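Trainee: okay, structure incoming, though there's no sequence with it:
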């Protein structure tokens, strides 16, 4: 299996010749875990300037990376946003990791009637998204918005944005049919996929959602999916039909 | 949120009037966690006899459930099998849980060239599948086959069974196109979805797989997915196009 240079998300600007000072956990990862030596090749991205080759600099304190040449220019993220109710720590971490791999653009934690998790560690959720972005070859990390109540979230709704919400009860269109309808009509718009917590959306929330002109209830089959499973499944279906899944990974052996 | 009777997978036969003795962890769950009282309604399934209502019996030692009337008759499982390389404990548990929710029929742990996990706890993986089946309303639990090497797994291949394998390098058909091709041709067959470990299938395995008349390499987009993410994504796409996702969950409020 070909060893590939490690990828690192950084905050600072990236241009040829600039020096990126590594933070403590990054130094630990590079030096103690990967045992990289000075001169080792690494890849850097910041969500704005594309992806750059760099090399681990010698004799700099703190340990730094010298930025060399560009590998890929920045592409605009095109994935959907994900509206979800905060869930327990373990499943929430699974959700953050998988949603990042599946190209989610924005995570919208949203308090619903049946949400029973009071507090979540959003620094940890972001750290997991960063790590997933580094590993899956993304050029950016998902935006994580502060939590909001569902009605507040729906009050200020961006233009030209469709909401597909997973509905376990009442009428719903199978998600494949809902996505293919839009694909066939060739309509360009922004997307929000929404999943409720355990127990789904409340009857009052169902009524509110079903009355929105931009919302479509979708079905994910006869089995009751956990919140994070529903999110991952909906993102997978979206990407396979409306997303970028006709593209292939960069061939890491071909470089 | 409506409280629904707890569901329990049991080994024994289910007929009206029979008595099911609960095992220690089941007793703990019913009595200490859910705090059920004698007479409480529960649901039982065993993967053969459908789903039955039962009631927690009084004064029986060990605590037992009296089987009453049938709720749903057994349906044949129709989901695909999943061929995967054993991965680390946490991701493997995620895989078992999500694959069960997504209707996998059989789990086929398979040793590949890049598999670096030597031993897995299959009792634990089964326990997680049982719990997921109980919670997601399945009428059976997935079969978990003993691990085998990839070439041995492929040597004895069932008739009329197609293999879709996730290929991160080389030619691959986008999974949506591959599944729609078959849907359009209206061919009935059995399915195995296959994902490699971290690093994917080796070049030698790629060659072996690509030469099989029943195998199709499929693409899951430009991002490098973790093994369990690829499995969950492939199962979701399969269910949405060829599976049972036109069906709805049983309305738990409607009873």
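Mentor: Noted; the coordinates are in hand. If you're wondering where the values come from, they're calculated on a predicted model, not measured in any experiment. Numbering: from 1, shown residues only, chains lettered A, B, ... in the order given.

Trainee: what does the strand of greatest length in chain A contact?
Mentor: As assigned by DSSP state E, the longest strand anywhere in chain A is strand A:64-72. With contacts defined as CB atoms under 8 Å, 6 or more residues apart in numbering or on different chains, strand A:64-72 is touched by A:8, A:14-22, A:42-44, A:50-57, A:139, A:250. In this view, the C-beta of every residue, glycine as well, is placed from N, C-alpha and C.

Trainee: for that strand, give the mean pLDDT please.
Mentor: For strand A:64-72, mean pLDDT rounds to 96.

Trainee: how about it: buried residues?
Mentor: Under the neighbour-count criterion of 16 or more other CB atoms under 10 Å in any protein chain shown, strand A:64-72 has A:64-68, A:71 buried.

Trainee: ditto for stretch A:86-101
Mentor: Result for stretch A:86-101 [16+ other CB under 10 Å]: buried residues A:86-87, A:91-101.

Trainee: which of the contacts of strand A:64-72 are buried?
Mentor: A:8, A:14, A:18, A:20, A:22, A:42-44, A:50-57, A:139, A:250.

Trainee: before we move on, back to that, so which of the buried residues of strand A:64-72 comes closest to chain B?
Mentor: Taking CB to the nearest CB as the measure, chain B lies nearest residue A:71 of the buried residues of strand A:64-72, at 14.2 Å.

Trainee: please report how far that closest one lies from residue A:7.
Mentor: According to CB to CB, to the nearest Å, residue A:71 stands 10 Å off from residue A:7.

Trainee: joint contacts of those two?
Mentor: Counting by CB under 8 Å, 6+ apart, the residues touching both residue A:71 and residue A:7 are A:43, A:51.

Trainee: can I assume residue A:245 is in contact with residue B:221?
Mentor: Yes: Residue A:245 is in contact with residue B:221 according to CB atoms under 8 Å; the separation is 3.8 Å.

Trainee: overlap in contacts, these two.
Mentor: A:239, B:174.

Trainee: quick one: mean pLDDT for the strand or helix carrying residue A:238?
Mentor: Assigned by DSSP states H and E, residue A:238 falls within helix A:227-242. In this model, helix A:227-242 has an average pLDDT of 98.

Trainee: got it, and stretch A:138-158?
Mentor: In the prediction, stretch A:138-158 has an average pLDDT of 96.

Trainee: which other helices and strands does the helix holding residue A:238 contact?
Mentor: strand A:81-84, helix A:89-101, strand A:161-166, helix A:175-185, strand A:190-195, helix B:89-101, helix B:175-185, helix B:227-242 (3 or more CB pairs under 8 Å, 6 or more residues apart in numbering or on different chains; DSSP states H and E).

Trainee: can you redo the ones you listed as CSV with distance to residue A:132?
Mentor: Below are the helices and strands packed on helix A:227-242 laid out as CSV (distance: least, CB to CB, whole Å):
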stretch, distance to residue A:132
strand A:81-84, 14
helix A:89-101, 4
strand A:161-166, 22
helix A:175-185, 23
strand A:190-195, 18
helix B:89-101, 12
helix B:175-185, 20
helix B:227-242, 9
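
Trainee: for those, which one sits closest to residue A:214?
Mentor: strand A:161-166 (5.6 Å; CB to CB).
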